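>>> predicted model follows, preceded by the sequence.
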Amino acid sequence: MKINPRTYEAYKLLHDGILAISKAEQQGIRVDMEYVEAKKIGLTRKIDRLEDEFKVTNFFKHWQHTSRGKVNIHSNEQLAHYIYDIKKIKVESETDSGQGSTNEEALLNLNIPELNLLLEVRKLKKIRDTYLDAFAREQVNGYIHPFFNLHIVRTYRSSSDSPNFQNIPKRDETAMQIVRRALFPRPGHQLIEVDYSGIEVRVAACYHKDETMLKYLRSDYDMHGDMAAQIFLLDKYEKSKHYTLRQAAKNGFVFPEFYGDYYGNCAPSLACSWGKLPNGKWNRGEGIEIDTSNYTLGDHLIAKGISSLSQFENHIKKIEADFWGRRFADYANWKDTWYRLYQKYGYIDLLTGFRCSGIMGKNDSINYPVQGAAFHCLLWSFIEVSKALEAGGFDSKLIGQIHDSMILDILPSELEDVKKVIRKITTEDLMNAWKWLIVPMDVDIEACPIDASWAEKSKI
DNA sequence: GGAACTCGCCAC
DNA sequence: AAACGTGGCGAGTTCC
């Protein structure tokens, strides 16, 4: 049987990939079990205290009083029934199945102070029961060996389990500190993480080849800064003053739009992050300062003639039209063409030789090939780094991977050499291996001090 | 008593 | 016309 060379190349990537990954899995990550056990006890104490505090509130007493059986304060079904059926509070947001929502956002919107206790308990239980328990359960002789699967995900990305090493808390400072404090390198070593910067945006550009996007990616021009200026009506974007707004533009508009979201979702979520008053006007007193004075974003937008959410939504609608109609018109055209091709043939082919078939919506057909090929850049690099470390007789080892990054356990005296090896592979060698990569690639490297936990990672 | 479901929440 | 992509996992719950 004749095999398409592209298919063979894809097969080979998974074959070499799983070999490199299995070596990392064997290596494992050290866990401080004394710390884990002590922390679990501490968290349990805190959780018990918060639960006791909750159980003497009028809110709980009424909930229990109106309930047939014994209330389980961790049952969202019971909570939703009490809030929306018994207390008859209007449902503002629903779950996928159409029930009244009890997630954090929904509960905060109810403005019931007692519920903050429940939310705090949820956070602590998540840390204890999902992360610390998993480390304790999965560790063997003080090391966990997370699995990294290449055969699960529809997009040909990876997944991880037992324990999942790809969703360790990072953004929430408290959760991050508690959980990452449990993970260590081998004695005398240090942990480092190497991640590709903006890899999905770059890989997407290799599909659509949008002229404006290529310019952004091949130069120092700042796409998110430009979008911040447009969205927040700044005369001139200045990194020192407007960095928060740049983050808001990036995470509240640009990325959601790339994933297929639209202004109807983006505008309200952008707006609520700096405080919209109940009457729909901007809150003058609070919000993000856009310069060093007390002049807030609310003040600024009102001055620019946007004083209500509906005006802001209309503003974002226009920006979206400009975003896809003018700024990234080639990109938008590619999305249409690409989806039509899927509809015609029933499958899509990735730049890395993989084929996705099955039922897909438009967003799926656009996102799958990007997500998959972006991960394959990481996987290719992971394989090459694994081979290079072995061939070079290094004692530094790969220990894991998180979609666009690799994590290593480093012998400090090898750090500089390992960094050189990695930089060459991830930038030069990858570009040479895959000619479809038409924009430069770049990696950020973060490191922990010697013998320090993974909570102490910082840019180097 | 386990499979399968919903919901919430962690990551990229 | 529709409207954010991919996972893993714990707890509660229901089904068989």
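Nice, thanks for sending it over. Numbering: from 1, shown residues only, chains lettered A, B, ... in the order given.

>>> tell me which element the closest residue to residue A:211 other than its chain neighbours is part of?
Excluding its sequence neighbours, the residue lying closest to residue A:211 (CB to CB, 6 or more residues apart in numbering) is residue A:330, at 5.7 Å. Every C-beta, even on glycine, is put in place using the N, C-alpha and C of the backbone. For residue A:330, the enclosing helix or strand under DSSP states H and E is helix A:329-345.

>>> is any residue of that helix near DNA strand C?
No. Between helix A:329-345 and DNA strand C, judged by CB under 7 Å from any atom of the strand, nothing touches; the nearest distance is 9.6 Å.

>>> what about residue A:127, how many neighbours?
23 (other CB atoms under 10 Å).

>>> same question for residue A:415.
Neighbourhood size, residue A:415 [other CB under 10 Å]: 19.

>>> ok, residues contacting the helix or strand containing it?
Element membership for residue A:415 (DSSP H and E) is helix A:415-423. Applying CB atoms under 8 Å, 6 or more residues apart in numbering, the contact partners of helix A:415-423 are A:190, A:192, A:194, A:381, A:385, A:388-389, A:392, A:394, A:396, A:408, A:410, A:443, A:445, A:447.

>>> do the lengthiest helix in chain A and DNA strand B meet at all?
Looking across chain A with DSSP state H, the single longest helix is helix A:362-391. No. Judged by CB under 7 Å from any atom of the strand, helix A:362-391 and DNA strand B are separated, with a smallest distance of 7.6 Å.

>>> downstream of that helix, the next helix or strand is which one?
Downstream of helix A:362-391, the first helix or strand assigned by DSSP H and E is strand A:397-401.

>>> how about that following strand against DNA strand C, any contact?
No. Strand A:397-401 lies out of reach of DNA strand C by CB under 7 Å from any atom of the strand, never closer than 13.3 Å.

>>> who are the packing partners of that strand?
Using 3 or more CB pairs under 8 Å, 6 or more residues apart in numbering; DSSP states H and E as the contact criterion, the elements in contact with strand A:397-401 are helix A:5-27, helix A:362-391, strand A:405-410.

>>> say whether DNA strand B is contacted by it.
No. Counting by CB under 7 Å from any atom of the strand, DNA strand B has no neighbours in strand A:397-401; the shortest distance is 9.8 Å.

>>> and the contacts of the helix or strand harbouring residue A:125?
Taking DSSP H and E as the definition, one finds residue A:125 inside helix A:115-125. Residues outside helix A:115-125 that contact it (CB under 8 Å, 6+ apart): A:43, A:46-47, A:50-51, A:53-54, A:57, A:59, A:73-74, A:79, A:104, A:107-108, A:172, A:174-175.

>>> rewinding a little: how far does the next helix or strand after the helix holding residue A:415 sit from its chain's centre?
Toward the C-terminal end, the helix or strand that comes next after helix A:415-423 (DSSP H and E) is helix A:430-433. Distance of helix A:430-433 from its chain centroid, counting by CA atoms, centre = their mean, to the nearest Å, is 26 Å.

>>> mind giving me the packing neighbours of helix A:430-433?
helix A:362-391.

>>> does DNA strand C have contacts with the helix it packs on?
Yes. Using CB under 7 Å from any atom of the strand, a contact is recorded between helix A:362-391 and DNA strand C, made by A:363-364, A:367-368, A:371.

>>> from those, which is closest to residue A:349?
Minimum distance to residue A:349 across the residues of helix A:362-391 next to DNA strand C is 10.6 Å, recorded for residue A:368 (CB to CB).

>>> wouldn't the closest one be in contact with residue A:153 here?
No. Distance between residue A:368 and residue A:153: 9.6 Å, which falls outside the contact criterion (CB atoms under 8 Å).

>>> who has more neighbours, the two?
Using other CB under 10 Å as the criterion, residue A:368 and residue A:153 rank with residue A:368 on top: 22 against 15.

>>> who's in contact with residue A:175?
A:123, A:126-127, A:169.

>>> actually residue A:30, sorry about that
If a contact means CB under 8 Å, 6+ apart, then residue A:30 has A:142-143, A:183-186 as its contacts.

>>> what do you get for residue A:216?
Contacts of residue A:216 (CB under 8 Å, 6+ apart): A:222-223.

>>> that one and DNA strand B, how far apart?
Distance of residue A:216 to DNA strand B, computed by CB to the nearest atom of the strand, to the nearest Å: 20 Å.

>>> any idea which helix or strand carries that residue?
Per DSSP H and E, residue A:216 falls inside helix A:211-218.

>>> local confidence estimate at the residue in the stretch 201-350 of chain A that DNA strand C sits nearest to?
For the stretch 201-350 of chain A, the residue closest to DNA strand C is residue A:259, as judged by CB to the nearest atom of the strand, at 2.9 Å. Looking at residue A:259, its pLDDT reads 91.

>>> with adjacent residues omitted, what lies nearest to it?
Counting by CB to CB, 6+ apart, residue A:259 lies nearest to residue A:367, which is 6.2 Å off, once chain neighbours are set aside.

>>> so the one you found sits against residue A:260, correct?
Yes. Judged on CB under 8 Å, residue A:367 makes contact with residue A:260 at a distance of 6.9 Å.

>>> more neighbours: which of these two?
Shown here are residue A:367 and residue A:260; by other CB under 10 Å, residue A:367 has more neighbours (18 against 14).

>>> before we move on, the earlier item: okay if I get the helices and strands packed on strand A:397-401 as TSV plus distance to residue A:92 and mean pLDDT?
Below are the helices and strands packed on strand A:397-401 laid out as TSV (distance: least, CB to CB, whole Å; pLDDT from 0 to 100):
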stretch	distance to residue A:92	mean pLDDT
helix A:5-27	44	93
helix A:362-391	25	95
strand A:405-410	37	97
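
>>> what's the most buried one of those?
strand A:405-410 (a mean of 23; mean count of other CB atoms under 10 Å).

>>> show me the contacts for residue A:320.
Contacts for residue A:320 (CB under 8 Å, 6+ apart) come out as A:257, A:262-263, A:266.

>>> sorry, back to before: from the contacts of helix A:115-125, which are also near DNA strand B?
Filtering the contacts of helix A:115-125 for proximity to DNA strand B (criterion: CB under 7 Å from any atom of the strand) leaves A:104, A:172, A:175.

>>> turn the residues you listed into TSV, including secondary structure.
Listed next are those as TSV, based on DSSP: H, G, I helix; E, B strand; the rest coil:
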residue	secondary structure
A:104	helix
A:172	coil
A:175	helix
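
>>> who touches the helix holding residue A:330?
Helix A:329-345 is contacted from outside by A:204, A:207-213, A:324-325, A:348, A:360, A:362, A:365-366, A:369, using CB under 8 Å, 6+ apart.

>>> can we see that at 7 Å?
A:207-211, A:213, A:324, A:348, A:360, A:362, A:365-366 (CB atoms under 7 Å, 6 or more residues apart in numbering).
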